[in-house]
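1. okay, here's the prediction I keep looking at, along with the sequence it came from:
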Amino acid sequence: MVQLYLRDVESSVSRPIKELKGFAKVMLQPKETKIVRFKLTTRDLSFWDEKTNDWLAEPGEFEVLLGNSLDNISHREKFILQ
């Protein structure tokens, strides 16, 4: 199992440290590798804004976290939403 979490590094509202945005079940033989692809959308980066009654994706730094569970993150990458 591969799980993809997002973290909004600096949000104007309180958000979970890790938000599950995708997962894939992958069967591997010993020493086998596979490529797993996830497609993130603007909605994946958004939170519900009570002021506007709409989804809001704030510009800023986000972190992608990959692992096989919430507590076992094996890869991290950052990106900037402009």
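-> Looks like it arrived, so ask away.
2. drop to CA atoms for contacts and neighbour counts, all remaining ones
-> Fine.
3. pLDDT score assigned to the residue of the chain most remote from its centre?
-> Distance from the centre of the chain peaks at residue 30, with 27.5 Å (CA atoms, centre = their mean). You'll see residue 30 listed with a pLDDT of 96.
4. would you quantify the distance from it to residue 2?
-> Noted for residue 30: a distance of 16 Å to residue 2, by CA to CA, to the nearest Å.
5. also residue 63?
-> Distance, residue 63 to residue 2, by CA to CA: 16 Å.
6. likewise residue 40?
-> Counting by CA to CA, the gap from residue 40 to residue 2 is 15 Å.
7. distance between the ends of stretch 31-41?
-> 32 Å.
8. where's that stretch relative to the chain centroid, distance-wise?
-> With CA atoms, centre = their mean, to the nearest Å as the basis, stretch 31-41 stands 14 Å off its chain's centre.
9. Provide a list of residues in contact with the residue farthest from the centre of the chain.
-> By CA atoms under 8 Å, 6 or more residues apart in numbering, the contact list for residue 30 is empty.
10. buried stuff in stretch 14-30?
-> Of the residues in stretch 14-30, 19, 21-23 count as buried by neighbour count, 16 or more other CA atoms under 10 Å.
11. could you dump these into CSV and include distance to residue 13 and pLDDT?
-> CSV is the format used below for the buried residues of stretch 14-30 (distance: CA to CA, whole Å; pLDDT from 0 to 100):
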residue, distance to residue 13, pLDDT
19, 14, 97
21, 19, 98
22, 22, 97
23, 25, 97
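12. tell me which of those residues fall in strands.
-> Taking DSSP state E, the ones among the buried residues of stretch 14-30 that sit in strands are 19, 21-23.
13. could you look up the SS state of the residue farthest from the centre of the chain?
-> coil (DSSP: H, G, I helix; E, B strand; the rest coil).
14. distance check, it against residue 67.
-> 18 Å.
15. ok, now residue 29?
-> 18 Å.
16. got it, and residue 12?
-> Taking CA to CA, one finds residue 12 at 27 Å from residue 67.
17. which of these two has more neighbours?
-> residue 67 (17 against 7; other CA atoms under 10 Å).
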